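Trainee: Structure of the sequence below:
(one chain, ligands or ions: 1)
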Amino acid sequence: MKRTAILLTALLAVPVQAAEKPNIIVVVADDLGYADVGFQRCKDIPTPHLDALAKRGVVCTNGYVTHPFCSPTRAALLTGRYQQRFGHENNPAWLPENKDVGLPLDQPTLADALKKLGYSTGAVGKWHLGAHPSFHPNRRGFDSYFGMLGGGHQYFNHNTFKTDPMKAKQEYFIPLVRDEKPVEENEYMTDALGREAAAFVEANKAKPFFLYLAFNAPHTPLQAPQKYLDRVKDIKDEKLRTYGAMVCGMDDAVGVLVAKLKEHGLTDNTIVFFFSDNGGPVGVTNCRNTPLRGAKGEVYEGGIRVPFVVSWPAKLKPGTFDHPVSSLDVFPTARVAGGGDAPRNPKLDGMDLLPHLRGESKESLADRVLFWRTGGGQNFAARAGTLKLVKVGKNPAELYDLSADASESTNLADKKPADVAALQKRLDTWNNELVAPKWDNPQAAKKK
Ligand code: CA
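Mentor: Prediction:
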């Protein structure tokens, strides 16, 4: 009896938290402006929960996504590879009968990888990686799913079309689904996603879990309930006010999720990533990417540099990190944290960020090179260290030094031809590894 008691005491003395695999949560905003959350110095849209998350974590001031619009970014995020390597360079049209337009089935996802490491996996929110049943999140490594399978949705009246989602023609009106079954849903979309994210944590709190929470907010249509509009009533511009209210809704939903983690003592050993899938569409919602040049769709910073936070209170000291990081890094970072292989097996394009964020890596990220390509080769960008090469259509190459000129206002191409040539060479090498887009953007496809 005494022996058992001693043994029990010894067992209890083991720091359980430290021995456990961390939970992993990836929160993605949709079309959020670079300057539209408090931790990015926004003054007129209150985002207390996101700001608290940023304060607990590391704010990456040079955080990038791999594409200036929705679906390609998500394809790279979930595979850890540049999406152009497998032809996912455009948005997929809503084509439930088409087996070819979606995240290629030969590309394993982060959910697949984490499942192998013993994680429960769940996705909540916007999918946008193919409408055919073979591309459904439940077949891409996620044990559970709740949300909209297309590229966006109405925020109210989700039940307008009580039809089979496979037959509905209008992507933004299809019924929401729980796994593969259409569901009745009456809450404001963003509130519903926060509720479902918290429910996933509640259901999986006893084991390590991976949650991919992809808001469609604050993407259009601009729709917000009065409770959020009231928080931004001083914003005069109507579009910006509604957009700001939608950001408030997303912040509240993050608050609901974070409160659930806290309730179960999971805050410390949960890694949370937060970023936007692309830069703000300034001309559409009047959102702001200040001080960056350009907007969603462009390879200037305003299209690809996004608010970016990595939080892991148990292992990561809060602060800021100024070297370039990418959404490509999420996959290897999560897999290594979950007890998986070193990032290069199989070949991934990102890297495990944790040694870098903790200042423990011998290798510096100061000189890392990141690449972008849109339209199968219409536009390109490459960043190496602080220098960035931009190629827009048939225009001559532009060169910017982002350390002194984050707004890309002074083109140094004529002054630094050797740097232009060196970056162009790196870009060409990368471009030669890519394949042509497997499909057109829906808008372009319609014109055909
Ligand atoms: Ca987007």
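Trainee: use CA for all of it now, contacts and neighbours both
Mentor: Will do.
Trainee: List the contacts of the strand or helix carrying residue 331.
Mentor: Residue 331 is part of helix 330-337, with elements assigned from DSSP states H and E. Helix 330-337 is contacted from outside by 21-22, 24, 77-80, 110, 113-114, 273, 341-343, 348, 350-354, using C-alpha atoms under 8 Å, 6 or more residues apart in numbering.
Trainee: Swap in 7 Å and give it another go.
Mentor: Here helix 330-337 makes contact (C-alpha atoms under 7 Å, 6 or more residues apart in numbering) with 22, 24, 77-80, 110, 114, 342-343, 350-354.
Trainee: Just the CA coordinates for it, please, in PDB.
Mentor: In PDB, the C-alpha atoms belonging to helix 330-337 read as follows (Å, rounded to 0.1, in the frame of the first residue of the first chain):
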ATOM      1  CA  VAL A 330       3.800  25.900 -40.500                       C
ATOM      2  CA  PHE A 331       3.900  22.300 -41.800                       C
ATOM      3  CA  PRO A 332       7.500  21.500 -40.700                       C
ATOM      4  CA  THR A 333       7.200  23.500 -37.500                       C
ATOM      5  CA  ALA A 334       4.100  21.600 -36.500                       C
ATOM      6  CA  ARG A 335       5.400  18.200 -37.500                       C
ATOM      7  CA  VAL A 336       8.700  18.600 -35.600                       C
ATOM      8  CA  ALA A 337       6.800  19.900 -32.500                       C
END
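Trainee: what mean pLDDT does it have?
Mentor: For helix 330-337, mean pLDDT rounds to 96.
Trainee: do stretch 274-293 as well
Mentor: 98.
Trainee: got it, and stretch 415-435?
Mentor: Stretch 415-435 comes out at a mean pLDDT of 98.
Trainee: list the buried ones in it?
Mentor: For stretch 415-435, burial by neighbour count (16 or more other C-alpha atoms under 10 Å) applies to 419, 420, 423, 424, 426, 427, 430, 431, 434.
Trainee: tally of neighbours for residue 136?
Mentor: 21 (other C-alpha atoms under 10 Å).
Trainee: picking up where we left off before, out of the contacts of helix 330-337, which one sits closest to the ion?
Mentor: Nearest to the ion out of the contacts of helix 330-337 is residue 77 (C-alpha to the ion; 13.1 Å).
Trainee: Sitting in strands, which of the contacts of helix 330-337 do you find?
Mentor: Among the contacts of helix 330-337, DSSP state E puts residue 24 in strands.
Trainee: the helices in the stretch 201-350 of the chain, which residues?
Mentor: All helices of the stretch 201-350 of the chain, identified by DSSP state H, counting those that start in this stretch, fall at 226-229, 238-263, 282-285, 301-304, 330-337.
Trainee: Rebuild these as CSV, extending it with distance to the ion and mean neighbour count.
Mentor: Formatted as CSV, the helices of the stretch 201-350 of the chain follow (distance: least, C-alpha to the ion, whole Å; neighbours: other C-alpha atoms under 10 Å):
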stretch, distance to the ion, mean neighbour count
helix 226-229, 21, 16
helix 238-263, 14, 22
helix 282-285, 12, 17
helix 301-304, 10, 29
helix 330-337, 18, 23
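Trainee: Shouldn't residue 193 be within a helix?
Mentor: Yes: under DSSP: H, G, I helix; E, B strand; the rest coil, residue 193 sits within a helix.
Trainee: contacting residues for it?
Mentor: 124, 125.
Trainee: measure it to residue 180 for me?
Mentor: 17 Å (C-alpha to C-alpha, to the nearest Å).
Trainee: Now name the helix or strand holding residue 381.
Mentor: Here residue 381 sits within strand 379-384, counting by DSSP H and E.
Trainee: which outside residues touch that strand?
Mentor: With C-alpha under 7 Å, 6+ apart, strand 379-384 has contacts from 299, 367-374, 388-393, 423, 427.
Trainee: burial of residue 110, as a residue count?
Mentor: Close neighbours of residue 110, defined as other C-alpha under 10 Å, add up to 24.
Trainee: ok so, going back, and the contacts of strand 379-384, which of them are in strands?
Mentor: 369, 370, 371, 372, 373, 374, 388, 389, 390, 391, 392.
Trainee: And those, which is closest to residue 327?
Mentor: residue 370 (10.9 Å; C-alpha to C-alpha).
Trainee: At the contact with the ion, which residues of the stretch 1-150 of the chain appear?
Mentor: 30, 31, 70 (C-alpha under 5 Å from the ion).
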